[in-house]
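Enquirer: requesting a structural model of the entry that follows:
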Amino acid sequence: MIPIPVFSLIDAILQLYVIVVFVMVVMSWLISFNVINRHNQVVDAIWRTVMALTEPVLRPIRNMMPNLGGLDISPVVLLLGIFFLREMNRWLALKIGMN
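Expert: Residues are numbered from 1 along each chain as shown. Next up, the predicted model:
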C-alpha cells in the first residue's frame with residue numbers, strides 16, 4: 001500500500017512544474033518583445049534552466065501537433081496533461097485512503 005504523503009509529494013512536484021512552464025511562457029514573450037534581454041547573465045541563466053526543464057517534455061508534443069504557423073500551443077497541451085495527472089493523483093489518493 002502506498003502511503004498518502006507520496007500522493008502529496010507527487011502533487012507538489014506537478015504544481016512546481018506548472019510554475020516552471022508558466023515562467024517559460026512569460027519569459028519567451030518578454031524575450032520576443034525585447035522587454036528582457038538574454039545578454040543579462042541572470043536572465044540567461046534562468047532561461048537556460050527553464051528551457052532545460054521544459055524542452056524535453058514540450059518537444060514530443062510539438063512533434064505530434066500540426067503546424068499552426070507561429071503559434072505554439074504545446075505549453076497549453078502540457079498544462080492540460082499536468083492538470084489531468086493531478087486530478088488522477090487526487091482520485092487515486094482518495095481511493096486508496098478509503099480502503
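Enquirer: what does the average pLDDT come to for the lengthiest helix in the chain?
Expert: Identified as the longest helix of the chain according to DSSP state H is helix 4-32. Here helix 4-32 scores 95 as its mean pLDDT.
Enquirer: ok, residue 14 - contacts?
Expert: Shown in contact with residue 14 (Cβ atoms under 8 Å, 6 or more residues apart in numbering): 82, 85, 86, 89. For the C-beta atoms, the positions are set from N, CA and C on the backbone; glycine is no exception.
Enquirer: now do the helix or strand harbouring residue 89: distance to the chain's middle.
Expert: Under the criterion of DSSP states H and E, residue 89 resides in helix 74-98. Its chain's average C-alpha position is 13 Å from that of helix 74-98, according to Cα atoms, centre = their mean, to the nearest Å.
Enquirer: returning to that earlier point: quick one, the longest helix of the chain and helix 74-98 angle?
Expert: 170 degrees (axes from the mean of the first three to the mean of the last three Cα atoms, to 10 degrees).
Enquirer: buried residues in helix 4-32?
Expert: 7, 10, 11, 17, 21, 23, 24, 25, 27 (16 or more other Cβ atoms under 10 Å).
Enquirer: same deal with stretch 56-70?
Expert: Residues 57, 58, 61 are the ones in stretch 56-70 that count as buried (16+ other Cβ under 10 Å).
Enquirer: report the mean per-residue pLDDT for that stretch.
Expert: 92.
Enquirer: just the C-alphas of that stretch, formatted as CSV.
Expert: C-alpha atoms of stretch 56-70 as CSV (Å, rounded to 0.1, in the frame of the first residue of the first chain):
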residue,chain,number,x,y,z
PRO,A,56,12.4,17.6,-23.2
VAL,A,57,8.6,17.4,-22.4
LEU,A,58,7.5,20.0,-25.0
ARG,A,59,9.5,18.7,-27.9
PRO,A,60,7.5,15.5,-28.4
ILE,A,61,4.2,17.4,-28.0
ARG,A,62,5.3,19.9,-30.7
ASN,A,63,6.3,17.0,-33.0
MET,A,64,2.8,15.4,-32.7
MET,A,65,0.9,18.7,-33.2
PRO,A,66,0.0,20.2,-36.6
ASN,A,67,1.8,23.3,-37.7
LEU,A,68,-0.2,26.4,-36.6
GLY,A,69,2.1,28.9,-38.2
GLY,A,70,3.9,31.0,-35.5
